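**Q** I would like the atomic coordinates for the input below:
(one chain, ligands or ions: 1)
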Amino acid sequence: MIPVVKTKADRARFYGSTKWRNLRKAILERDHYECLWCKAEGRLTTQYDSILEVDHVKELETNPELAFDPDNLRTLCKECHNKRHDRMNYRGQPKKRKWDDEFDIL
Ligand SMILES: [Zn+2]
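**A** Next up is the predicted model:
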């Protein structure tokens, strides 16, 4: 089943769904609750260091058919996730609020 994720309400529904929440947990477990980008740089960032988020490599809006594909999902810490989506301005402040509903505190 391909989810329709176009509006903010769609996103909220998607990220609140049982299917997503279960899969998200499975991805966190698969990635050993570590940020993969930090890990690639030799740093260990876990849920005790930051907030871990599960990122869609190919984005939900453009590739909804990959929404539940584990190969399209990865664990990132909040900082890396923000960097990825360019959500911070030059002062490190949140630039826009579009993605806030995606944040999911453990
Ligand atoms: Zn990170």
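**Q** what comes up buried for the host helix or strand of Thr75?
**A** Here Thr75, judged by DSSP states H and E, is contained in strand 73-77. Neighbour-count burial for strand 73-77 flags 73-77 (criterion: 16 or more other C-beta atoms under 10 Å). Every residue, glycine included, has its C-beta placed from N, CA and C.
**Q** ok, now stretch 34-48?
**A** 34-35, 37-39, 45.
**Q** try stretch 65-84
**A** In stretch 65-84, counting by 16+ other C-beta under 10 Å, buried: 66-68, 72-82.
**Q** Which members of those define the maximum pairwise distance?
**A** Within the buried residues of stretch 65-84, two members stand farthest from each other by C-beta to C-beta: Phe68 and Glu79, at 25.6 Å.
**Q** dump the residue contacts of the nearest residue to Lys19 once chain neighbours are set aside.
**A** Leaving aside its chain neighbours, Lys19 sits nearest to Phe68 (6.8 Å; criterion: C-beta to C-beta, 6 or more residues apart in numbering). By C-beta atoms under 8 Å, 6 or more residues apart in numbering, the residues touching Phe68 are 19-20, 23.
**Q** Can you say which of those are buried?
**A** Buried among the contacts of Phe68 by 16+ other C-beta under 10 Å: 20, 23.
**Q** Turn the contacts of Phe68 into JSON lines, columns for pLDDT.
**A** Putting these into JSON lines (pLDDT from 0 to 100) gives the following:
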{"residue": "Lys19", "pLDDT": "96"}
{"residue": "Trp20", "pLDDT": "97"}
{"residue": "Leu23", "pLDDT": "98"}
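**Q** what about the helices in this protein?
**A** 8-16, 18-30, 36-40, 78-85 (DSSP state H).
**Q** Thank you, goodbye.
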